[in-house]
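Novice: Show me the folded form of this:
(one chain, ligands or ions: 1)
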Amino acid sequence: MRNWAGNIVFGATRIHRPRSVDEVCQVVAAADQVKVVGSGHSFNRVADTVGDLVVLDELPRRLEVDADRRTVTVTGGMRYTELARELQAYGLALPNLASLPHISVAGSCATGTHGSGNQLQGLASAVSALRLITSSGELVDLSRADDPDRFAGAVVGLGALGAVVGLTLAVEPAFEVAQWVYDDVPLDRIADGFDEVFGAAYSVSAFTNWAGDTASVWVKRRTDRDDAVHPGRGWLDGRLADAPRHPVPGMSPRHCTEQLGRPGPWHERLPHFRPDFTPSAGEELQSEILLPREAAPEAVAAMRALGPDIAPLLLTSEIRTVAADDLWLSPAYGRDCVAVHCTWRPLTDEVRQAVALIEAELLPLGGRPHWGKLFELRPEAAGALYERGEDFRRLMKSLDPRSAFRNAFVAAAFPER
Ligand SMILES: Cc1cc2nc3c(=O)[nH]c(=O)nc-3n(C[C@H](O)[C@H](O)[C@H](O)COP(=O)(O)OP(=O)(O)OC[C@H]3O[C@@H](n4cnc5c(N)ncnc54)[C@H](O)[C@@H]3O)c2cc1C
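Specialist: Numbering: from 1, shown residues only. Here you go, the predicted model:
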């Protein structure tokens, strides 16, 4: 079994597809080493195990909306595509989504997955309660209301605390979004006017390959909040696109969410890719570093200086913003962030070198690598970037005293003391 990108072959000796929560309890309790894999979209070994790998896609599906409390409770293996479609049918929405909606809710939250938006936190911040099966086979409920401290440590949990079989998320009334793309916005304008660019709409992304001097800026405006017309034809010295675009220049936009300002439901505009297009495998690799937002101009300058070295390997690179949260292992823990993402050609060795070059520039600016993507930083040094790392170690010890969920990735990032 491989991950979505095909660059990781899982080392598991057995794969299980339990059909009930009881069965998950039995598999987990009986396993020496165990890990749950979500939709397998991570680019590293965060979801790997040398023991038993559990896939939750055959668990009876559960989706319960509590309209009074404005929450939805879902099964561990559910993907955002399905959740978003159902919520929309109830007239409800999540505040944000990632660029691709086909990723699982539990797996995305476990790695601190995010979209873009000055006011929008990572996807895990929508979670208000978790139901875990710990390595003893017991069910443990953790909620922000009843157990705020352990909860904040558990949501972005790298799959290291137990099998998440249920999540409760906060929802809001459904809303509409209109999306425009601006071509050829000078990178100077983005660096100098960072707040103006990223404050222009509910969700803003800028795509570039760092070889030239410009970026394409994708502006996603809420029709009920932002002024839902485009910011002006020549906004930021760019050009309003007159046809749909793909984040990778020259690729057909037919798999991308609708643009040209046509309003549509939140889940069909916030991701860049359409829910009805399901890429089962990817011809790409990804890396991403989240830095304190104030470092944006320096980060842009550093990436531009690397442009000639990295551009030949890049399919595209995306700048996004993420609001601070309080989840211990979230790369946005305690600080608003600018995120510098790279989508690479699938050339592992060359990409590793390029990622190391980027890290040498961006980590000293306060960068933290995305847990689900490629990074070259020593795992222990990555773990050390989190001030609540010691608390996370203690949480792992208390919920998983026999270290069954502690795979090599987690053990390297948070070694036992
Ligand atoms: C095309 C593409 C686009 C992407 N876009 C974005 C983006 O816009 N923003 C962003 O931040 N990231 C993005 N990512 C990265 C992606 O969101 C993360 O890798 C995310 O973790 C994927 O979710 P998954 O369900 O595939 O997780 P997996 O890779 O399957 O697992 C990730 C972690 O979650 C754990 N886990 C999964 N399910 C459970 C469970 N039920 N119980 C306990 N642990 C569990 C695993 O053990 C592992 O530790 C993208 C990836 C791809 C391939």
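Novice: Surely R402 touches G137?
Specialist: No. The pair R402 / G137 is not scored as a contact, 11.4 Å apart, by Cβ atoms under 8 Å. Where you see a C-beta, it was placed from the backbone N, CA and C, and this is true even at glycine.
Novice: Between those two, which has more neighbouring residues?
Specialist: Neighbour tally, R402 and G137, criterion other Cβ atoms under 10 Å: the higher count belongs to G137, 17 against 12.
Novice: which parts of the protein sit against the ligand?
Specialist: Proximity of the chain to the ligand, by Cβ under 6 Å from any ligand atom, involves residues 4, 35-42, 46-47, 56, 76, 98-100, 103-104, 106-108, 110-111, 113-115, 158-159, 163-164, 282, 286, 370, 372.
Novice: Filter those down to the buried ones.
Specialist: 4, 35-42, 46-47, 56, 76, 98-100, 103-104, 106-108, 110-111, 113-115, 158-159, 163-164, 282, 286, 370, 372 (16 or more other Cβ atoms under 10 Å).
Novice: Sitting in strands, which of the residues you listed do you find?
Specialist: 35-37, 163-164, 286 (DSSP state E).
Novice: Give me the phi and psi angles of G153.
Specialist: Per-residue torsions, G153: phi -90, psi -20 (degrees, to the nearest 10).
Novice: what sits against it?
Specialist: 327-329, 388, 391-392, 395 (Cβ atoms under 8 Å, 6 or more residues apart in numbering).
Novice: quick one: which of those residues is nearest to the ligand?
Specialist: Relative to the ligand, the closest of those is L329; by Cβ to the nearest ligand atom it sits at 10.9 Å.
Novice: correct me, but that closest one touches A154?
Specialist: No. At 9.5 Å, L329 and A154 do not qualify as touching, with contact defined as Cβ under 8 Å.
Novice: so how far is the ligand from A200?
Specialist: To the ligand, A200 is 19 Å away according to Cβ to the nearest ligand atom, to the nearest Å.
Novice: show me what contacts that residue?
Specialist: 219, 231, 235.
Novice: burial count for the last one?
Specialist: Neighbours of W235 under the rule other Cβ under 10 Å: 19.
Novice: same deal with T348?
Specialist: Residues near T348, counting by other Cβ under 10 Å: 12.
Novice: I'd like the numbering to begin with 668 instead of 1 from here.
Specialist: All set: I'll call the first residue 668, so the last point we hit is now T1015.
Novice: so what pLDDT did the residue most central in space within the chain get?
Specialist: Nearest residue to the geometric centre of the chain (Cα atoms, centre = their mean): T780, 1.8 Å. The model reports T780 with a pLDDT of 98.
Novice: A793 is in contact with that one, correct?
Specialist: No. In this structure, T780 is not within contact of A793 by Cβ under 8 Å, at 11.2 Å.
Novice: Tell me the spacing between the residue of the stretch 818-967 of the chain at minimum distance from the ligand and E951.
Specialist: Residue nearest to the ligand within the stretch 818-967 of the chain (Cβ to the nearest ligand atom): G826, separated by 2.4 Å. According to Cβ to Cβ, to the nearest Å, G826 stands 23 Å off from E951.
Novice: Then T875?
Specialist: Taken as Cβ to Cβ, the span from T875 to E951 is 16 Å.
Novice: out of these two, which sits in the more crowded spot?
Specialist: For T875 versus E951, neighbours defined as other Cβ under 10 Å are more numerous around T875 (25 against 19).
Novice: what's across from the more buried one in the sheet?
Specialist: Taking DSSP bridges as the rule, T875 bridges to S984.
Novice: in terms of contact, does it touch A882 like I think?
Specialist: Yes. Between T875 and A882 there is a contact under Cβ under 8 Å: 3.8 Å.
Novice: Quick check: neighbours shared by these two?
Specialist: When contacts are counted by Cβ under 8 Å, 6+ apart, T875 and A882 have 854, 986 as shared neighbours.
Novice: Tally up the residues packed near F865, please.
Specialist: 24.
Novice: residues contacting the nearest residue to A1079 once chain neighbours are set aside?
Specialist: Of all residues not flanking A1079 in the chain, P1046 sits nearest, at 3.6 Å (Cβ to Cβ, 6 or more residues apart in numbering). Residues in contact with P1046 (Cβ under 8 Å, 6+ apart) are 1076, 1079-1080.
Novice: Looking at the stretch 918-1067 of the chain, what residue ends up closest to the ligand?
Specialist: Taking Cβ to the nearest ligand atom, the stretch 918-1067 of the chain has G1039 as its residue nearest the ligand, at 2.6 Å.
Novice: That residue contacts S771, doesn't it?
Specialist: No. The criterion here is Cβ under 8 Å, and G1039 misses it with S771 at 11.3 Å.
Novice: Could you check the pLDDT of F818?
Specialist: pLDDT, F818: 98.
Novice: Just put the ones in strands among the buried ones among the residues of the chain next to the ligand in CSV and tack on pLDDT.
Specialist: Output for those, formatted as CSV (pLDDT from 0 to 100):
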residue, pLDDT
K702, 98
V703, 98
V704, 98
A830, 98
V831, 98
Q953, 97
